[in-house]
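> following is a predicted model, sequence given first.
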Amino acid sequence: MSSAECNYKIYDKELLIIIWAFEHWRFKLKLTDISIKMFIDHQALISLMKDKELSRRQMRWVQKLADFNFKIMYRSDKQNIKIDALTRRADFVPRDLDDERIWYQRTTILTLNWMKIADLKKNNDQSIYKQVLETNEIDENCTLLREAIARDETQYEDIKLKNCRTQNEILYHDSQLWVSFNELLQMNLIREIHDQSSIDHSEILRTVKIIKRNYYWSSMRKTIDQYIWNCYVCQRSKTSRDKSNDLLQSLSISEQRWQNIVMNFIIDLSDSYNYNVILTVICKLLKERHYIFCITDDEDITIEKTAEMLLQWVYQTQNLSSFIVFNWDSQFIFILWKFLCKRLSISL
């Protein structure tokens with residue numbers, strides 16, 4: 001094999017052997033009327049003449065094979081021992097360092113001329129541990145906690161001091177260094193742990209476990225949860241398990257007029273005849289609708305007021321609906337139904 005042929009894929013190498021065999025015995029194989037059986041241990045070549053997607057090289061080889069009457073048959077390695085012994089002769093292995101086949105195995109893809117070595121300079125910024133240590137020593141809240149510990153108090157405001165201690169004017173929680181009530185410092189500490197390549201944006205529990213080895217602060221879990229939930233890399237790469245991501249369910253088809261209704265508020269309108277909000281109520285079956293004008297001063301529309309408008313403008317002339325579609329939360333719909341049933345003396 002030439003140096004270029006040594007770089008062929010296994011499929012092409014096996015096919016190349018077939019081409020060589022037919023070219024070597026061409027004068028005998030082309031004249032025979034008997035179907036030639038070729039045994040090979042590469043099963044993918046069985047469908048060679050039927051494949052529709054071939055490379056240009058494979059198409060040229062298939063055109064050469066079209067002159068012969070042959071059939072490729074698969075035979076496993078265990079049954080093909082004699083053939084393997086012939087193709088793996090020791091004298092076929094390149095031993096000379098000047099052999100082109102060895103050159104291709106040692107080809108340099110990227111030379112030093114194309115590589116730019118950057119100077120690694122020492123980072124002059126303080127490590128996160130030194131920042132936490134210095135802030136712990138001078139922070140006002142940490143000073144108040146140290147004074148409370150000196151008075152043998154068990155609690156300071158909402159913080160329990162049972163496992164807290166001071167050593168060399170530094171506040172500790174057990175063996176963990178106390179982090180002061182500085183949101184920027186806490187965020188930098190979480191970023192230092194959570195975003196490093198060895199951790200690779202780990203989950204919440206693992207991040208908490210790693211930080212707790214050396215650091216501690218009040219409401220620590222809540223702060224870490226907030227950081228990771230707002231981490232762009234985590235939200236982009238990790239699968240969401242929210243129940244709201246299920247398939248959308250189609251709404252039921254109404255059988256009667258005003259059995260199912262759709263409601264919506266149109267707000268932020270300019271005042272017109274002392275009204276600035278419109279409540280739209282639409283029948284899903286016939287698309288009949290009511291536009292109810294109302295007014296609100298602080299854009300806060302109560303459930304009681306909504307129920308009163310439905311009783312006055314809709315259910316005064318229509319039957320009570322059995323299903324309401326509304327773009328507000330389900331709690332609003334539940335209380336609305338409860339208030340309507342109470343006004344209509346319907347016991348649930």
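Cool, got the structure.

> and residue 248, that's in a strand?
No - if the criterion is DSSP: H, G, I helix; E, B strand; the rest coil, then residue 248 is coil and not within a strand.

> which residues in the stretch 201-348 of the chain form strands?
Secondary structure of the stretch 201-348 of the chain (DSSP state E, counting those that start in this stretch): strands at 215-216, 260-266, 277-283, 289-294, 323-326.

> any idea of the mean pLDDT in the fourth one?
For strand 289-294, mean pLDDT is 88.

> what does it contact?
Applying Cβ atoms under 8 Å, 6 or more residues apart in numbering, the external contacts of strand 289-294 come out as 273, 275, 277-283, 301, 305, 309, 313-314. (C-beta placed from N, C-alpha, C; glycine too.)

> run the angle between that strand and strand 277-283 for me.
Following axes from the mean of the first three to the mean of the last three Cα atoms, to 10 degrees, one obtains 160 degrees for the angle between strand 289-294 and strand 277-283.

> can I get strand 289-294 as PDB, trimmed to CA atoms?
What follows is strand 289-294 as a C-alpha-only set of coordinates in PDB (Å, rounded to 0.1, in the frame of the first residue of the first chain):
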ATOM      1  CA  ARG A 289     -69.500  38.100  23.300                       C
ATOM      2  CA  HIS A 290     -70.100  40.700  26.000                       C
ATOM      3  CA  TYR A 291     -67.900  43.700  26.500                       C
ATOM      4  CA  ILE A 292     -68.200  44.900  30.100                       C
ATOM      5  CA  PHE A 293     -66.800  48.400  30.900                       C
ATOM      6  CA  CYS A 294     -65.400  48.900  34.400                       C
END
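
> in the stretch 51-200 of the chain, which ranges drop under the pLDDT threshold?
When residues are selected by pLDDT under 70, those of the stretch 51-200 of the chain lie in 52, 81-126.

> can you read off the pLDDT for the closest residue to residue 263 other than its chain neighbours?
Of all residues not flanking residue 263 in the chain, residue 326 sits nearest, at 4.8 Å (Cβ to Cβ, 6 or more residues apart in numbering). According to the prediction, residue 326 has pLDDT 86.

> number of residues surrounding residue 326?
When neighbours are defined as other Cβ atoms under 10 Å, residue 326 has 15 of them.

> contact partners for it?
Residues near residue 326 by Cβ under 8 Å, 6+ apart: 262-264, 332-333.

> turn the strands of the stretch 201-348 of the chain into TSV, including distance to residue 5.
Output for the strands of the stretch 201-348 of the chain, formatted as TSV (distance: least, Cβ to Cβ, whole Å):
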stretch	distance to residue 5
strand 215-216	61
strand 260-266	71
strand 277-283	74
strand 289-294	77
strand 323-326	69
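
> out of these, which one sits most buried?
Highest mean neighbour count among the strands of the stretch 201-348 of the chain (mean count of other Cβ atoms under 10 Å): strand 215-216, with a mean of 20.

> list of residues touching that one?
132, 173-174, 176-179, 189.

> so which bits of stretch 58-66 are buried?
By neighbour count on 16 or more other Cβ atoms under 10 Å, the buried set for stretch 58-66 is residue 61.

> how far does it sit from its chain's centre?
How far stretch 58-66 lies from its chain's middle: 46 Å, per Cα atoms, centre = their mean, to the nearest Å.

> cool, and stretch 161-180?
Distance of stretch 161-180 from the chain centroid (Cα atoms, centre = their mean) equals 38 Å.

> restricting to C-alpha, output it in PDB.
Written as PDB, here are the backbone C-alpha positions of stretch 161-180 (Å, rounded to 0.1, in the frame of the first residue of the first chain):
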ATOM      1  CA  LEU A 161     -24.600  30.800  67.800                       C
ATOM      2  CA  LYS A 162     -24.500  27.300  69.300                       C
ATOM      3  CA  ASN A 163     -21.800  26.000  66.900                       C
ATOM      4  CA  CYS A 164     -20.000  29.400  66.400                       C
ATOM      5  CA  ARG A 165     -16.700  30.300  67.900                       C
ATOM      6  CA  THR A 166     -13.900  32.900  67.500                       C
ATOM      7  CA  GLN A 167     -10.200  32.200  67.000                       C
ATOM      8  CA  ASN A 168      -7.600  35.000  66.600                       C
ATOM      9  CA  GLU A 169     -10.400  37.500  66.100                       C
ATOM     10  CA  ILE A 170     -11.800  35.400  63.200                       C
ATOM     11  CA  LEU A 171     -15.400  34.100  63.300                       C
ATOM     12  CA  TYR A 172     -15.900  30.300  62.600                       C
ATOM     13  CA  HIS A 173     -18.900  28.000  62.400                       C
ATOM     14  CA  ASP A 174     -17.400  24.700  63.700                       C
ATOM     15  CA  SER A 175     -14.400  24.400  61.400                       C
ATOM     16  CA  GLN A 176     -15.800  26.500  58.600                       C
ATOM     17  CA  LEU A 177     -14.900  30.100  57.900                       C
ATOM     18  CA  TRP A 178     -17.800  32.500  58.400                       C
ATOM     19  CA  VAL A 179     -18.700  34.600  55.300                       C
ATOM     20  CA  SER A 180     -19.900  38.100  56.100                       C
END
